[in-house]
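Enquirer: this one's sequence-less:
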């Protein structure tokens, strides 16, 4: 897990002349049996040409735990419903700064790894902004993503997935000894 910085209040979160809106989020690294991760292709409504790939997940509701938020977002964005406990522990955390629709955010986010045999993605639960700003979804192999030339977030995603999947495979090998 990476070190996380504390979120500052919007008034204190200035970087240059930017004022950041603090946000908590939870994301899911949804990986199928072939080792591919599900990503959505989206764009910033204020910058439609700025396309990028990202994991399922999103902002937490007030007082919502990261696991509960990740499970809720996974159901809304993919149709996959599960008990938040099925996500297990957070596998990675970071803080990122970005602009979306003209607002700057400083987002503290937790990532969960969830393995599935396969999954047919159902996006009928997208909210209005997701319907307007998500163009596609795709399952990616980590090395394919790294070599694609596409923009994706977090930028560490291929290396993070390779490390997590290698660690999970090593754990399975040890358990079978």
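Expert: Nice, thanks for sending it over. This is a predicted model, so every value here is computed, not measured.
Enquirer: wait, residue 125 sits on residue 74?
Expert: No - at 9.7 Å, residue 125 and residue 74 do not qualify as touching, with contact defined as C-beta atoms under 8 Å. In short, each C-beta sits where N, CA and C put it, glycine included.
Enquirer: between these two, tell me which one has more neighbours.
Expert: residue 74 (28 against 15; other C-beta atoms under 10 Å).
Enquirer: outside of stretch 157-171, which residues touch it?
Expert: Residues from elsewhere that reach stretch 157-171 (C-beta atoms under 8 Å, 6 or more residues apart in numbering): 29, 31, 35, 37, 55, 91-92, 111, 113, 115, 142-143, 145-146, 154.
Enquirer: can we see that at 6 Å?
Expert: For stretch 157-171, contacts defined as C-beta atoms under 6 Å, 6 or more residues apart in numbering pick out 35, 37, 91, 92, 113, 142, 145, 146.
Enquirer: would you turn these into TSV with neighbour count and secondary structure?
Expert: Formatted as TSV, those follow (neighbours: other C-beta atoms under 10 Å; DSSP: H, G, I helix; E, B strand; the rest coil):
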residue	neighbour count	secondary structure
35	17	coil
37	27	strand
91	18	coil
92	20	strand
113	21	strand
142	20	helix
145	19	helix
146	16	helix
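Enquirer: helix/strand/coil for the nearest residue to residue 32 once chain neighbours are set aside?
Expert: Of all residues not flanking residue 32 in the chain, residue 118 sits nearest, at 5.4 Å (C-beta to C-beta, 6 or more residues apart in numbering). With DSSP: H, G, I helix; E, B strand; the rest coil as the basis, residue 118 sits in coil.
Enquirer: can you show me the strands along this protein?
Expert: Along the chain, counting by DSSP state E, strands occupy 14-15, 18-19, 21-31, 37-44, 47-54, 57-59, 92-100, 103-115, 134-140, 152-153.
Enquirer: would you single out the least confident of these?
Expert: Comparing mean pLDDT across the strands of the chain, the weakest is strand 14-15, with a mean of 52.
Enquirer: one step back: closest one to residue 69 among the strands of the chain?
Expert: strand 21-31 (4.2 Å; C-beta to C-beta).
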